[in-house]
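> Turn this into a model:
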Amino acid sequence: MGMDDPFEKVSWMRPPELGGWEYLIAHRSRRLWTVYHESYDLCACARWSHYWRYRGRIHTLTGPGMMMLEPGELHRTLSVPPEAAFKVALIPVSAVEAAATEFGAHGAIHLARAETADPDLTNAVWRLGEAIERADVEALELQTMQAMVLRRLFDHAERSPRINPRIDEAIAVNRARDYLLDRLHEPVSLDELTAAAGLGRFQLLRAFSRHFGVPPHAFQLHLRIERGRELLRRGAPAGLVAIEVGFCDQSHFTRHFKKITGVTPGEYAGR
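Next comes the predicted model:
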């Protein structure tokens with residue numbers, strides 16, 4: 001395949017919300033990649049029959065899954081399925097080390113294998129790529145998905161770090177809830193939320209989801225929709241309501257409103 005394959009679509013993305021992470025998204029790719037890695041690279045493959053040479057061995061994915069590559073290494077793709085599709089999270093070493101520190105681990109994180117069929121990690125990387133491709137995903141949701149990728153990555157470390165539970169989680173998640181309530185109309189970053197709660201990212205996300213049943217970004221979304229319903233009942237136009245409750249535009253508001261309520265804002269207001 002020539003390097004100018006007209007069917008291949010490759011995008012490199014660097015969302016500022018992800019703090020130095022890069023994302024490579026490829027559709028209909030038939031090229032055989034040779035890549036030196038300075039980051040932890042997690043490649044979620046939608047189709048199987050990937051073969052690649054890495055660390056002196058040939059590795060294979062025989063079903064949808066994940067290639068897991070460490071910094072300081074090179075891999076060469078030997079075979080790919082027809083018109084392969086994959087999404088790659090390129091995670092800086094500093095980000096992995098900082099996350100490991102939150103778990104109480106120190107030193108380099110080494111991966112136990114170069115491939116896995118783990119659906120949790122594969123889906124986490126794939127879903128983050130889908131979110132990056134959309135223009136209306138806020139920082140809190142992206143950063144929550146980013147943290148989930150790191151959390152799932154640690155399941156595949158040679159020595160998997162674990163969070164030590166703290167007794168003040170209930171107080172912390174209520175602080176986070178109050179912070180979201182106070183800033184209903186504003187974009188909130190995960191760093192801001194963890195600072196308000198007094199917990200690290202991973203412990204807060206786990207505790208918040210356990211307590212409320214949804215992660216913080218989804219909780220904030222429901223708060224906004226509830227506030228939007230109130231304004232619609234008062235007769236406010238949907239376009240104004242969308243901006244008032246923190247959505248980027250009316251279409252964004254309408255999509256989420258219908259997903260949660262089952263009707264559009266116009267249909268709701270007319271009842």
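
> Tell me, how many residues neighbour E138?
20 (other Cβ atoms under 10 Å). C-betas here are computed from N, CA, C, even on glycine.

> what does P81 give?
Neighbourhood size, P81 [other Cβ under 10 Å]: 15.

> Check the one 3 residues further on too.
Neighbours of A84 under the rule other Cβ under 10 Å: 21.

> ok, which stretches of this structure are helices?
93-102, 119-133, 139-154, 169-182, 190-197, 201-212, 216-233, 238-244, 250-261, 265-269 (DSSP state H).

> right, so of the ones you listed, which gets closest to S49?
Minimum separation from S49 across the helices of the chain (Cβ to Cβ) falls at helix 119-133, 15.6 Å.

> Mean confidence (pLDDT) on the closest one, please.
Helix 119-133 carries an average pLDDT of 94.

> Over to stretch 147-157?
Mean predicted lDDT for stretch 147-157 stands at 93.

> what residues does that stretch touch?
Residues external to stretch 147-157 that are found in contact with it (Cβ atoms under 8 Å, 6 or more residues apart in numbering): 40, 42, 68, 89, 91, 95-96, 99-100, 103, 109-113, 116, 118, 120-121, 124-125, 128, 160-161, 190, 201-202, 205.

> out of these, which are buried?
Buried members of the contacts of stretch 147-157, scored by 16 or more other Cβ atoms under 10 Å, are 40, 42, 68, 89, 91, 95-96, 99-100, 103, 109, 111, 116, 118, 121, 124-125, 128, 161, 190, 201-202, 205.

> Show me where the stretch 151-271 of the chain dips below the pLDDT cut-off.
Along the stretch 151-271 of the chain, the model assigns pLDDT under 70 to residues 161-167, 271.

> Now with 80, please.
Of all residues in the stretch 151-271 of the chain, those with pLDDT under 80 make up the ranges 160-168, 270-271.

> CA atoms of stretch 260-271 as CSV?
Taking C-alpha atoms only, stretch 260-271 is exported to CSV below (Å, rounded to 0.1, in the frame of the first residue of the first chain):
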residue,chain,number,x,y,z
ILE,A,260,-32.9,11.8,29.4
THR,A,261,-36.6,12.8,29.2
GLY,A,262,-37.7,10.9,26.0
VAL,A,263,-39.0,14.1,24.4
THR,A,264,-37.5,17.3,22.8
PRO,A,265,-37.6,20.6,24.8
GLY,A,266,-40.2,21.8,22.4
GLU,A,267,-42.4,18.8,23.0
TYR,A,268,-41.9,19.1,26.7
ALA,A,269,-42.8,22.8,26.8
GLY,A,270,-45.9,22.3,24.8
ARG,A,271,-47.5,19.8,27.2
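
> Fine by me, we can end here.
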